[in-house]
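*Asks:* have a look at this fold, sequence not included:
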């Protein structure tokens, strides 16, 4: 009764959970692509795409991915052999236990008409598969908590997964070990299966089981006389052996039975077998019910992602299907940390601590965000920086074991995130190359907004350049500025040597590109150097020239006075970003540092 | 000769045939390459925003090469410029070096300054030498006119880069000449390709690119030749976009220098990834002397 109720309850929760999850794959919206389609459009596009794949040569690509990437984990193998061993042990061990043991009534019994769970090879295999999972879980714990693989972050879900899987297998071994040692279990078996009417024979059989099968008897103790064991063996052959292989072949459980032998009688009295059965069954059912909401969902979502990406590409796939896949991909991430480990800009996280620089952490954020999780104003700067401080080097996409196309995901989600409140100063840097190159794939409206907003924020913070009519008061003269600039190597304080010969401005390709350069860039390079010489730091910091500088170093190379012009511009850009970030703090945004 | 190959971020994602072409050419020239998977971004794109952190990016790469006991070889002017500048700063700024080492120590690394930063072009020109390479040229070009584009960040600031004469450089011209091609004179040879402003000020970036393309074409060049992924993206991918947008019609494709050299060395078009350039460059085969 308990079993049936618990089974159907957990199955129902599992089914509802899966249905809910699958629904979200069609209804949730990620990135600019997600906003273009209704759920129904996405579902019908999915059906069209599915039929298109199943009845085309792409089917072979699908089968190939299924074998190599899903079943053999080829992508993990390429990255890290230890991790591959870990996952293969857990995956294959757990799957075999599921099909052979949990589904014994539906699968094993049909395949093997003479199946008994107590017969070999099943008795042995159950232990082998269980041991494989335990070793795999051990490696997982070793990687996460002992060697602490860099940038592998263990969250609640990772820990609960390890705990649930561990409890299922360990309780299984304990249950089997307790059964082996239990005298009550022995008595049940004799009553159910044996035909013994003779007390002497019964005692002999019990002695034999105590000797060979790990049973702990309240009355019979070793050593036994050889003729008693001989008689017990005869009885065992006649009554038990047909349906019960030697317990020793269930090597882990047998060792467990031996280990708990000293307390076996006590355990038997308190019905430990019954309790452990509840623990084992409950752990399995909790795992089943929790699956759609846990990391274990990845057995479906990562599989689907690997298969989808084996047959999809940004050029030819239906955009609606890409939108759907990108929601699925959020669920496919197992937070394994491979992308974090390989990320080209992870130093920025290690130096500054913004987790959102790391790909897996970005995914974790997105999962919450698309669920409708709010975006606090404090988070905004971290989000803007995290999603823009990316060289789009594709390494995360190449290494992801779940086959998530992170390259396309970043392209898609960056746009709506850039449109959230607050400037992204990183847009004023070569990080923008990728966005520029992909302009034709992005929504045209709003393309220029992020850069313009960053420039406008700068202009508002440093208004002196724009307001040419304004008299510059004596007060903004910053005599301490020189001392704060530069370092022993760059010597950006060389601006004091500028005598305004204008060589820097003459050779500047940006200046040459405009008919009225001063109108375009505010201050020309030599004017910036002179402004600094005069202590007008705030004037220099507001010059749009800073953000139009190519950093080609022509100015610096050609300065007869040795002014490190380009390096001074770099210095000013850094300062402007720092100061403009602070001004936002007054609006409640987080400060840069 | 053995180097840690530093491919950076643009090459694997957007110009992967640059790496492949460089590898086959270097293998022919008996240069051993070590791959260091832990290399990260050089720090270049972050310099506008946060030079301190960018320095840590570079320092980590330098320390990784140092741990391998080899010099670092880059295929990118901007990686070269950034790493070289970082090495210069770490050598001359004790406080910065101490801070970088504090950071590196957290991951078991240290920076001493034992590994040098080298660019593919100077490796070919100085370490292997033009004479030695010339001996390998089996299929020299004839009547091919190349506009050599150096890329800013190897040349300048020259006191730090120590690459070539910043006003009258010879390295790439000599390397072009040894393939049998003629390196044409063009006034904008040493100017920026425009790539650093792509995505920031697209109009200005493309205007600068258009100016360079027109100038090289006017000088009679059949192709540009570059050895930097940023410049190549600008002259290849962006030029093609500009043509679609009606912003350029000079049709001057850019060939990566290792592709040019590889062809002259008799390596296959496929190994050099000629078909992977956005703009068609396979016409260059017609210039190989029969």
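*Replies:* Cool, the structure landed. Here the structure is a predicted model, which is why all the values come from computation and not from measurement.
*Asks:* what's the burial count for the closest residue to residue A:421 other than its chain neighbours?
*Replies:* Leaving aside its chain neighbours, residue A:421 sits nearest to residue A:380 (6.2 Å; criterion: C-beta to C-beta, 6 or more residues apart in numbering or on different chains). Every C-beta, even on glycine, is put in place using the N, C-alpha and C of the backbone. The local packing of residue A:380 (other C-beta atoms under 10 Å in any protein chain shown) involves 20 other residues.
*Asks:* which SSE is immediately downstream of the helix or strand encompassing residue A:380?
*Replies:* Using DSSP states H and E, residue A:380 sits in helix A:377-388. Downstream of helix A:377-388, the first helix or strand assigned by DSSP H and E is helix A:395-399.
*Asks:* packing partners for the very next helix or strand once past that following helix?
*Replies:* Per DSSP H and E, the first helix or strand lying C-terminal to helix A:395-399 is helix A:406-418. Using 3 or more C-beta pairs under 8 Å, 6 or more residues apart in numbering or on different chains; DSSP states H and E, the elements in contact with helix A:406-418 are helix A:31-34, helix A:319-332, helix A:359-370, helix A:377-388, helix A:395-399.
*Asks:* between those helices, which one is nearest to residue A:460?
*Replies:* Evaluated with C-beta to C-beta, those place helix A:377-388 nearest to residue A:460, the distance being 17.0 Å.
*Asks:* quick one: list the elements packing against that closest one.
*Replies:* So helix A:377-388, by 3+ C-beta pairs under 8 Å, 6+ apart, packs with helix A:359-370, helix A:406-418.
*Asks:* now render these as JSON lines, adding mean pLDDT and mean neighbour count.
*Replies:* Output for the helices and strands packed on helix A:377-388, formatted as JSON lines (pLDDT from 0 to 100; neighbours: other C-beta atoms under 10 Å in any protein chain shown):
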{"stretch": "helix A:359-370", "mean pLDDT": "92", "mean neighbour count": "22"}
{"stretch": "helix A:406-418", "mean pLDDT": "94", "mean neighbour count": "22"}
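*Asks:* turn those helices into TSV, columns for distance to residue B:286.
*Replies:* Below are those laid out as TSV (distance: least, C-beta to C-beta, whole Å):
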stretch	distance to residue B:286
helix A:359-370	45
helix A:406-418	36
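*Asks:* anything in stretch A:534-553 sitting right up against chain B?
*Replies:* Yes. Stretch A:534-553 is in contact with chain B by C-beta under 8 Å from any C-beta of the partner chain, via A:547-548, A:550-553.
*Asks:* residue boundaries of the helices in the stretch 101-250 of chain A?
*Replies:* Applying DSSP state H, counting those that start in this stretch to the stretch 101-250 of chain A gives helices spanning A:109-111, A:122-141, A:156-181, A:183-193, A:199-212, A:226-239.
*Asks:* make that chain B, sorry
*Replies:* B:10-14, B:16-28, B:51-68, B:77-92, B:94-105, B:120-122, B:130-136, B:152-155, B:158-161, B:171-177, B:202-218, B:229-233, B:239-244, B:257-264 (DSSP state H).
*Asks:* columns distance to residue A:341, mean neighbour count and mean pLDDT on top of the ones you listed, output as a markdown table?
*Replies:* Converted to a markdown table, these look like this (distance: least, C-beta to C-beta, whole Å; neighbours: other C-beta atoms under 10 Å in any protein chain shown; pLDDT from 0 to 100):
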| stretch | distance to residue A:341 | mean neighbour count | mean pLDDT |
| --- | --- | --- | --- |
| helix B:10-14 | 16 | 23 | 97 |
| helix B:16-28 | 21 | 21 | 97 |
| helix B:51-68 | 14 | 24 | 97 |
| helix B:77-92 | 21 | 25 | 97 |
| helix B:94-105 | 17 | 16 | 96 |
| helix B:120-122 | 28 | 24 | 98 |
| helix B:130-136 | 38 | 14 | 97 |
| helix B:152-155 | 29 | 27 | 98 |
| helix B:158-161 | 32 | 18 | 97 |
| helix B:171-177 | 37 | 22 | 98 |
| helix B:202-218 | 34 | 21 | 98 |
| helix B:229-233 | 24 | 28 | 98 |
| helix B:239-244 | 34 | 17 | 97 |
| helix B:257-264 | 30 | 27 | 98 |
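*Asks:* how is chain A divided into domains?
*Replies:* For chain A, automatic domain parsing gives the domain ranges A:182-277, A:333-457, A:463-575.
*Asks:* distance from the chain centre to the shortest one, please.
*Replies:* With C-alpha atoms, centre = their mean, to the nearest Å as the basis, domain A:182-277 stands 48 Å off its chain's centre.
*Asks:* end-to-end on it?
*Replies:* End-to-end distance for domain A:182-277, by C-alpha to C-alpha, to the nearest Å: 13 Å.
*Asks:* and for stretch A:147-166?
*Replies:* 20 Å.
*Asks:* wait, does that stretch contact chain B?
*Replies:* Yes. Interface with chain B: stretch A:147-166 contributes residue A:150 (C-beta under 8 Å from any C-beta).
*Asks:* is any residue of stretch B:200-217 near chain A?
*Replies:* Yes. Stretch B:200-217 lies within reach of chain A by C-beta under 8 Å from any C-beta, at B:200-202, B:204-205, B:207-208, B:211.
*Asks:* out of these, which comes closest to residue A:444?
*Replies:* Using C-beta to C-beta, those come closest to residue A:444 at residue B:202, 12.5 Å.
*Asks:* does the closest one touch residue A:436 like I think?
*Replies:* Yes. Taking contacts as C-beta atoms under 8 Å, residue B:202 lies within contact range of residue A:436: 5.6 Å.
*Asks:* once you drop chain neighbours, what's closest to residue A:463?
*Replies:* residue A:542 (6.7 Å).
*Asks:* against chain B, how distant is the one you found?
*Replies:* Remark: distance between residue A:542 and chain B (C-beta to the nearest C-beta, to the nearest Å) = 16 Å.
*Asks:* could you report the pLDDT at that residue?
*Replies:* Looking at residue A:542, its pLDDT is 95.
*Asks:* and if you look at residue A:376?
*Replies:* 73.
*Asks:* so the residue positioned nearest the centre of chain A, which of the three states?
*Replies:* Centroid-nearest residue in chain A: residue A:335, 1.8 Å away (criterion: C-alpha atoms, centre = their mean). At residue A:335 the chain is in coil, as set by DSSP: H, G, I helix; E, B strand; the rest coil.
*Asks:* my guess is it contacts residue A:153. True?
*Replies:* Yes. Between residue A:335 and residue A:153 a contact is recorded at 6.9 Å, counting by C-beta under 8 Å.
*Asks:* ok, back up a step: is it possible to get JSON lines of the helices of chain B that adds distance to residue A:483?
*Replies:* As requested, the helices of chain B are arranged in JSON lines below (distance: least, C-beta to C-beta, whole Å):
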{"stretch": "helix B:10-14", "distance to residue A:483": "38"}
{"stretch": "helix B:16-28", "distance to residue A:483": "44"}
{"stretch": "helix B:51-68", "distance to residue A:483": "18"}
{"stretch": "helix B:77-92", "distance to residue A:483": "18"}
{"stretch": "helix B:94-105", "distance to residue A:483": "15"}
{"stretch": "helix B:120-122", "distance to residue A:483": "37"}
{"stretch": "helix B:130-136", "distance to residue A:483": "48"}
{"stretch": "helix B:152-155", "distance to residue A:483": "29"}
{"stretch": "helix B:158-161", "distance to residue A:483": "24"}
{"stretch": "helix B:171-177", "distance to residue A:483": "40"}
{"stretch": "helix B:202-218", "distance to residue A:483": "34"}
{"stretch": "helix B:229-233", "distance to residue A:483": "35"}
{"stretch": "helix B:239-244", "distance to residue A:483": "46"}
{"stretch": "helix B:257-264", "distance to residue A:483": "45"}
